[in-house]
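Engineer: need the 3D shape of this:
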Amino acid sequence: MDQAKPVARIDVISDAICPWCYIGKRQLERALVMLAEQKLHFAVAWHPFQLNPDMPREGADRAQYRIAKFGSLEKSRQLDERITETAATVGLDFHLDRLTRTPNTLDAHRVIRLAGQHGVQDGVVEALFEGYFCEGADIGQRDVLVGLASRGGLPAAETAAMLDGEAGLREVVAGDQMARNAGISGVPSFALEGHVLFSGAVPAEEMVKAFRHAWDILKTRAA
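Structural biologist: Numbers count the residues shown, from 1 in each chain. Got it, this is the predicted structure:
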């Protein structure tokens, strides 16, 4: 078998405004390198989950939303500081102070879905994460999404045309519901060939053990 050919698919259930999902992406990237050294190569697909499924389509003022969610602006800032420190340990430079809006992420998930159809999902997911967490971009805005998607490898005109209609909306909502029906309540969550293995931005070394063990079981069952 060609060693570069994926032996299985890793599914990542995530939200574009989940900081742990960006941190988890970095850990996954490290894990994939370590797995490749063991001659195991995996394809990766990203799937939708809304942290705030009741968020209005226009989003909300971030400060006010987080005061309502966490009880005070000070508590919100403390949480931001802790997550920024954690992100730095995997090389990410968060600037959460630049964020003014908490967006509805349905359109971001539609863009990620379109990116999967074009084979550029990793680049687009990376661009959305970087835009939101590092640059303070409002990824609930059409033009912002078009620009970030273009940075990630999607044709701007095609992204804009998709966002101007409702293509992919039903599928994104269905994907979100499918994750909840599977018992997923937090992200990032990671699955191998449809089998949910773990949730959270766990260290790459733990990911390697989980994926290796799951792959060995699947391989044995298929034998």
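Engineer: please count neighbours and contacts with C-alpha atoms only from this point.
Structural biologist: Will do.
Engineer: so what's the gap between the helix or strand containing D11 and the chain middle?
Structural biologist: Using DSSP states H and E, D11 maps to strand 8-14. Distance of strand 8-14 from its chain centroid, counting by CA atoms, centre = their mean, to the nearest Å, is 10 Å.
Engineer: looking at it now, give me its mean pLDDT.
Structural biologist: Averaged across strand 8-14, the pLDDT comes to 97.
Engineer: what lies in contact with it?
Structural biologist: 21, 41-50, 179, 187-194, 215 (CA atoms under 8 Å, 6 or more residues apart in numbering).
Engineer: so is F198 in a helix, a strand, or just coil?
Structural biologist: With DSSP: H, G, I helix; E, B strand; the rest coil as the basis, F198 sits in strand.
Engineer: residues in contact with it?
Structural biologist: Each residue near F198 by CA under 8 Å, 6+ apart is listed here: S189, F190, A191.
Engineer: thinking again about what came up before, can you tell me which of the contacts of strand 8-14 are in strands?
Structural biologist: F42, A43, V44, A45, W46, H47, P48, S189, F190, A191, L192 (DSSP state E).
Engineer: and which of those residues is nearest L145?
Structural biologist: P48 (15.9 Å; CA to CA).
Engineer: please identify which helix or strand holds the closest residue to T105 other than its chain neighbours.
Structural biologist: Spatial nearest neighbour of T105, chain neighbours left out: G140 (6.2 Å); criterion: CA to CA, 6 or more residues apart in numbering. Of the helices and strands defined by DSSP H and E, none includes G140.
Engineer: just the buried residues from the ones in strands among the contacts of strand 8-14, in ChimeraX please.
Structural biologist: In ChimeraX syntax, the buried subset of those is picked out as below (16 or more other CA atoms under 10 Å):
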select :42,44,45,46,47,48,189,190,191,192
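Engineer: Serialize the ones in strands among the contacts of strand 8-14 to JSON lines and add fields for distance to K5.
Structural biologist: Below are these laid out as JSON lines (distance: CA to CA, whole Å):
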{"residue": "F42", "distance to K5": "8"}
{"residue": "A43", "distance to K5": "9"}
{"residue": "V44", "distance to K5": "12"}
{"residue": "A45", "distance to K5": "15"}
{"residue": "W46", "distance to K5": "19"}
{"residue": "H47", "distance to K5": "22"}
{"residue": "P48", "distance to K5": "26"}
{"residue": "S189", "distance to K5": "24"}
{"residue": "F190", "distance to K5": "20"}
{"residue": "A191", "distance to K5": "19"}
{"residue": "L192", "distance to K5": "16"}
